[in-house]
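Q: sequence and predicted structure below; questions after.
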Amino acid sequence: MSVEVSIVIDALTETALANGFKPVGSVYFYKAHPEITCVVNLQKSQWGPQHYINAGVSFFRLSPTRRPKVSGLHILWRADSVIQDNSPLSNALDSEASLTDVSRRQIIRDQTYTHAFAHLAKCTTEATSLALAHDIGAAVKRLAKPTKETGNALSH
């Protein structure tokens, strides 16, 4: 593991723990609520030295697993994709970007809080999760059976 990747994982872990998420391995972080599980995941790019931070929500009524993988999330976004224009987070997650370790760590902590953990803090039910997804333009998988709580909110 390179020094830059270690810094990314350390900064993400610090932020996750400070926000009540429990780590599973070094790249998944979970926080469960009665109806949903919130997830943050660090993903390595297949095409280069970049990493991505995925955030999302899984609905228990559609998937009973308490530790879903990114592919099993019902709502999903990349933390740097909700930022307009040039993303300091994308730059900090690129191991070839010339940043000091201190700067890289600070950007990752601040930006993942703002664009992942702060959003997920609003997600405590299916309804609040769907409202957030609409507000930030997150991808929503087609929900199989709408309930009173979600109305007829299907995929965007």
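A: Right, received. Where do you want to start?
Q: what segments of this protein are helices?
A: Secondary structure of the chain (DSSP state H): helices at 3-18, 88-92, 101-112, 118-121, 126-136.
Q: just give the nearest non-adjacent residue to the residue positioned nearest the centre of the chain, would you?
A: The centre of the chain sits closest to residue 55, judged by C-alpha atoms, centre = their mean, with a distance of 1.5 Å. Nearest residue to residue 55, sequence neighbours excluded (C-beta to C-beta, 6 or more residues apart in numbering): residue 116, at 4.0 Å. Yep, even glycine has a C-beta here, placed from its N, CA and C like the rest.
Q: surely the one you found touches residue 52?
A: No. Residue 116 is beyond contact range of residue 52, at 10.9 Å (criterion: C-beta atoms under 8 Å).
Q: give me the common contacts of these two.
A: Counting by C-beta atoms under 8 Å, 6 or more residues apart in numbering, the residues touching both residue 116 and residue 52 are residue 79.
Q: and these two? which has more neighbours close in?
A: residue 116 (30 against 17; other C-beta atoms under 10 Å).
Q: tell me where the model's unsure across the chain.
A: Within the chain, the stretches with pLDDT under 70 are 1-4, 82-86, 142-156.
Q: give me every residue that touches the residue nearest to the centre of the chain.
A: Remark: with contacts taken as C-beta under 8 Å, 6+ apart, residue 55 is in contact with 38-41, 76-79, 115-117, 119-120.
Q: ok, and the most crowded of the residues you listed?
A: Scoring these on neighbours with other C-beta under 10 Å, the highest-scoring entry is residue 116 at 30 neighbours.
Q: for that residue, what are its contacts?
A: If a contact means C-beta under 8 Å, 6+ apart, then residue 116 has 40, 53, 55, 79 as its contacts.
Q: got it, and residue 17?
A: Contact analysis of residue 17 by C-beta under 8 Å, 6+ apart lists residue 23.
Q: which residue packs closest to residue 88, ignoring adjacent ones?
A: Nearest residue to residue 88, sequence neighbours excluded (C-beta to C-beta, 6+ apart): residue 107, at 5.1 Å.
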